[in-house]
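*Asks:* fold the stuff below for me.
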Amino acid sequence: MSSHHHLNPCSGEVEHINILSDDLSALYLNDDYSDVTLVITGHRLRSHKLILAARSHYFRALLFGGLKESTQEEIELKGTNLPAFKVLLNYIYTGRMCLVKQREEMILDILGLVHQFGFTELESAISDYLKEIINIKNVCFIFDAARLYKLEFLLKVCHEYMDIHAPNIIQHESFLQLSDGALIDLISKNSFFAPEIDIFLAIQQWVKANPEMDPKEVLSKVRLSLISITGLLNIVRPTGLVSPEAILDAIATRTQTRDSDLAYRGRMLLDENVAHARHGAVVLQGEMRSYLLDGDTRNYDMERGYARHIITDTQDHCILIKLGTEFILNHFKMLLWDRDLRSYSYFIEASTDQKDWVRVIDHTEYFCRSWQYLYFEPRVILYLRIVGTNNTVNKVFHVVHFEACYTNHTEKLQNGLIVPTQNVATMDRSASVTEGVSRSRNVLLNGDTSNYDWDSGYTCHQLGSGAILVQLGQPYMIDSMRLLLWDCDDRSYSYYVEVSGNSWNWEVVADKSREACRSWQTLRFEPARPVVFIRIVGTHNTANEVFHCVHFECPAQMDEKSVGKSSINSGKQQQSLPSVSNSVSQPPPETAAEAVNIDH
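*Replies:* Now for the predicted structure:
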């Protein structure tokens, strides 16, 4: 091909990478210029030190690192698979490898060499390819290789695949070829989900197929207490693999332990809502139950679109969900009916047998509204019951939508409540302003800290009466908050802040009633406490009888953009202030009553 095809006219660069690759690949297994011979199982492969060293840290250290091999013309690579090494050596000279033509066993041999010789990009590429071709027949071999070479990505892929297909994997012949370490790793996981008696029978076959292995540690990972008593006596005992004492212990555990304390296995689907018909979930109790899991979070009103139950003091009514099978869960998402400002209290319990219930979420002491984002320690769950204990409007509990999943979340929990790092006083997190005067209802929580003036962009209340009241969507453990006081001139304010979980018991967390405060306020208090309601009460304004707040957040978010108008304008140059209404000289309303036109 003529060279002008390789000239980039824009940059004036000549690119002949293909020619370079072809020239180098011509040296593969070629005697020309070769200066080292690699010996593998008696076969001699003529090679070039410079190319090997340029392509691999391993060979660089071996050939130029001052080891005895640096001076040898022949170097034996012991324990190396010859066909696999030839494929790798070809890659070293060409930068190419076709995996589609290779048998899976060969690919795993190549992967071992790639790992040994430190070709990290190639290791990743082969791992990606194995992920694409993984199936019941090869997953055990790939899993063993991934463990041997400590390939985290491939291990994760194998675990996820094996978790989903556990019942088929224990029946497949390749299961018998797993190393003891891989087998222990596999059956130790709660998410390796198959009937325990089937796992035991598969291990019995593995023991037969691997007589040279000591089966004691593998057998110790079988959860005998999950096998029925008849299974233990009629199937496990006759094999002689388990001592009579261990069988008696298992029977005792099974009969004397609370069901919730048994070490159950469950399916684990990452970030997948399993409270859905496609995973076999059904609502067994509750009125209008067909709406709960239909996925519709928009079309609901007073008459339809929610499931409900009567709230009684005995808490004997509930919404009961049965999942399609036992699942490992740690997260619920729930939408409480929210077409007005009502609040609810509730708890959620989990069970595997409908007899022994564990309370995983307890919001009975708190007021909650709209979307609920709930986290708890992972556990195996088959049944869920949601029990409403309070509604601020009537005696009925209404749930529009419910989801359950397992997720890798970073939320920290304290006393069962989220300790948030992000601002939760937002409309996205179901927070709302329930008292205070403003042109639009939730302007205090909309995150806008720059568009405000004399006329709009703030929430206020008359000094001496009322307050600004913020309600979070659910209780959070809070130890800080931040607010922006209106600061388009050089006035200062005094105020205090109190918090509550249920709007009955209040606690002051910041008292600035004797201080002259301006612009941004960061409030920190120890220890963190459960908060649903935040009441901000103004006590003084040097300019008039109204308290004005532009922005509120909790916990406090420290970002660079937190610059109030006063720090931009030094509180003086009013004529340079941006103004939506062009009435720059007009001060904000003297009374809260003037700032009406509230958008509810």
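*Asks:* how far is the host helix or strand of V497 from where the chain is centred?
*Replies:* Using DSSP states H and E, V497 maps to strand 493-500. Relative to the chain's own centre, strand 493-500 is displaced by 35 Å; criterion: CA atoms, centre = their mean, to the nearest Å.
*Asks:* dump that strand to PDB, keeping only the CA atoms.
*Replies:* Output of strand 493-500 as PDB, limited to C-alpha atoms (Å, rounded to 0.1, in the frame of the first residue of the first chain):
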ATOM      1  CA  TYR A 493     -31.500  38.500  62.700                       C
ATOM      2  CA  SER A 494     -31.900  36.500  65.900                       C
ATOM      3  CA  TYR A 495     -33.600  33.100  66.000                       C
ATOM      4  CA  TYR A 496     -33.600  29.600  67.500                       C
ATOM      5  CA  VAL A 497     -34.200  26.100  66.100                       C
ATOM      6  CA  GLU A 498     -35.900  23.200  67.700                       C
ATOM      7  CA  VAL A 499     -36.500  19.600  66.400                       C
ATOM      8  CA  SER A 500     -39.000  16.800  67.000                       C
END
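*Asks:* R482 and R524 touch, don't they?
*Replies:* No - contact criterion CB atoms under 8 Å: R482 and R524 do not qualify, at 9.5 Å. Yep, even glycine has a C-beta here, placed from its N, CA and C like the rest.
*Asks:* overlap in contacts, these two.
*Replies:* A556 (CB atoms under 8 Å, 6 or more residues apart in numbering).
*Asks:* and the closest residue to F200 other than its chain neighbours, how far from V236?
*Replies:* Among residues not flanking F200 along the chain, V222 sits closest, at 5.2 Å (CB to CB, 6 or more residues apart in numbering). Here the criterion is CB to CB, to the nearest Å. By it, V222 lies 9 Å from V236.
*Asks:* break down the stretch 51-200 of the chain into its helices, ranges please.
*Replies:* Shown for the stretch 51-200 of the chain, the helices assigned by DSSP state H, counting those that start in this stretch span residues 57-64, 82-94, 104-116, 120-133, 139-148, 152-164, 166-169, 180-187, 196-209.
*Asks:* which residues are in contact with stretch 265-274?
*Replies:* In contact with stretch 265-274 (CB under 8 Å, 6+ apart) are residues 160, 163-164, 190-194, 196, 223, 226, 279, 281, 323-329, 380-381, 403-408.
*Asks:* ok, now stretch 241-259?
*Replies:* 203-204, 207, 215, 219, 222, 224-227, 229, 232-233, 236-237, 262, 351-353, 355-356.
*Asks:* how about the strands of the stretch 251-400 of the chain, start to end?
*Replies:* In the stretch 251-400 of the chain, the strands defined using DSSP state E, counting those that start in this stretch lie at 282-285, 307-310, 319-336, 344-351, 358-368, 371-391, 396-405.
*Asks:* out of the ones you listed, the one nearest W506 is which?
*Replies:* Closest approach to W506 among the strands of the stretch 251-400 of the chain is made by strand 358-368 (13.2 Å; CB to CB).
*Asks:* so what pLDDT did W520 get?
*Replies:* W520 is assigned 93 on the pLDDT scale.
*Asks:* what's the distance between it and A556?
*Replies:* Applying CB to CB to W520 and A556 gives a distance of 10 Å.
*Asks:* list the residues that contact both of the two?
*Replies:* Common neighbours of W520 and A556 (CB under 8 Å, 6+ apart) are R482.
*Asks:* ok so, going back, so which of the helices of the stretch 51-200 of the chain gets nearest M302?
*Replies:* helix 152-164 (42.3 Å).
*Asks:* what about the closest one, distance to the chain center?
*Replies:* Distance, centroid of helix 152-164 to centroid of chain: 17 Å (CA atoms, centre = their mean).
*Asks:* against which helices or strands is it packed?
*Replies:* If contacts are counted by 3 or more CB pairs under 8 Å, 6 or more residues apart in numbering; DSSP states H and E, helix 152-164 sits against helix 120-133, helix 139-148.
*Asks:* in this structure, which residue is closest to the centre?
*Replies:* N408 (2.7 Å; CA atoms, centre = their mean).
*Asks:* quick check: phi and psi on that one?
*Replies:* The phi/psi pair for N408 (degrees, to the nearest 10) reads phi -80, psi 90.
*Asks:* may I have the beta-bridge partners of the nearest residue to it once chain neighbours are set aside?
*Replies:* Nearest residue to N408, sequence neighbours excluded (CB to CB, 6+ apart): L270, at 7.1 Å. Note on L270: beta-bridge partners by DSSP bridges are Y406.
*Asks:* verify the contact between I133 and E104 for me.
*Replies:* Yes - contact criterion CB under 8 Å: I133 and E104 qualify, at 7.3 Å.
*Asks:* S243 and S47: what is the separation?
*Replies:* The value you get for S243 to S47, if CB to CB is used, is 58 Å.
*Asks:* quick one on the thing from earlier: what's the strand holding V497 in contact with?
*Replies:* Residues contacting strand 493-500 (CB under 8 Å, 6+ apart): 478, 481, 485, 506-518, 523, 529, 531-542, 547-548.
*Asks:* so how do I select the buried members of those residues in PyMOL?
*Replies:* Buried subset of the contacts of strand 493-500, written as a PyMOL selection, criterion 16 or more other CB atoms under 10 Å:
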select buried, resi 478+481+485+509+510+512+517+518+523+529+531+532+533+534+535+536+537+538+540+541+547+548
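*Asks:* keep only those of the contacts of strand 493-500 that are in strands.
*Replies:* 478, 481, 485, 507-517, 523, 529, 531-541, 547-548 (DSSP state E).
*Asks:* hang on, Y373 packs against D428?
*Replies:* No - counting by CB under 8 Å, Y373 stays clear of D428, with 10.2 Å between them.
*Asks:* okay, the two: which has more neighbours?
*Replies:* Y373 (18 against 12; other CB atoms under 10 Å).
*Asks:* not counting sequence-adjacent ones, nearest residue to that one?
*Replies:* K333 (6.0 Å).
*Asks:* tell me the contacts of H540?
*Replies:* 463, 493-495, 513.
*Asks:* and the contacts of stretch 265-274, which are buried?
*Replies:* Buried among the contacts of stretch 265-274 (16+ other CB under 10 Å): 160, 163, 190-194, 196, 223, 226, 279, 281, 323-324, 326-329, 380-381, 403-406.
*Asks:* low-scoring stretches of the protein, by residue?
*Replies:* For the chain, the stretches with pLDDT under 70 are 1-9, 11, 16, 20-32, 66-71, 259, 559-600.
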